[in-house]
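# Let me see the structure of the following:
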Amino acid sequence: FAARLVHSGLSSLLFSVHGTDARTHAQNVGVAEAFAQTIAGIEHAVRLAPRGVELGMNVTITKHNEHQLAALTELAHSLGLRW
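Okay, here's the model as predicted:
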């Protein structure tokens, strides 16, 4: 799926990550396994995306993750997301 997506002609892809760990992310999205699935999707997209496809991360700031903003930035960069 990731390969088809990043080669579909899109110019950018934004991933929603709302915590640096499964618990915090789940508090914001309501799905326990969402963090692992999202991180795996990001890793596949980063590995497969052709040049010119911008990959980034979106964060909705809530009372559950506001203390993680610096760590979320570090997570984005460690995953290869620059936007």
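
# phi, psi of residue 27?
Main-chain dihedrals, residue 27, degrees, to the nearest 10: phi -60, psi -30.

# actually residue 56, not the one I typed
Torsion angles, degrees, to the nearest 10, at residue 56: phi -150, psi 180.

# ok, and the closest non-adjacent residue to residue 49?
In this structure, residue 49 finds its nearest non-sequential neighbour in residue 6, 4.2 Å apart by C-beta to C-beta, 6 or more residues apart in numbering. C-beta: built from backbone N, CA, C; applies to glycine.

# Make sure residue 57 is indeed in a strand.
Yes: applying DSSP: H, G, I helix; E, B strand; the rest coil, one finds residue 57 inside a strand.

# Return the set of residues that bridge with it.
In this entry, residue 57 is beta-bridged to residue 15, by DSSP bridges.

# can you map out the helices along this protein?
Here the chain has its helices, by DSSP state H, at 2-6, 22-29, 34-48, 69-78.

# I'd like the mean pLDDT over the third one, please.
Read that as helix 34-48. Here helix 34-48 scores 97 as its mean pLDDT.

# Give the other helices and strands that that helix contacts.
helix 2-6, strand 12-16, helix 22-29, strand 54-58 (3 or more C-beta pairs under 8 Å, 6 or more residues apart in numbering; DSSP states H and E).

# of those, which approaches residue 82 most closely?
Taking C-beta to C-beta, strand 54-58 is the member of the helices and strands packed on helix 34-48 nearest to residue 82, at 7.2 Å.

# just the CA coordinates of the closest one, formatted as PDB?
Extracted C-alpha coordinates of strand 54-58, given in PDB (Å, rounded to 0.1, in the frame of the first residue of the first chain):
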ATOM      1  CA  GLU A  54       7.500  15.800   0.900                       C
ATOM      2  CA  LEU A  55       6.800  13.700   4.000                       C
ATOM      3  CA  GLY A  56       5.700  15.400   7.200                       C
ATOM      4  CA  MET A  57       4.000  15.000  10.500                       C
ATOM      5  CA  ASN A  58       0.900  16.700  11.900                       C
END
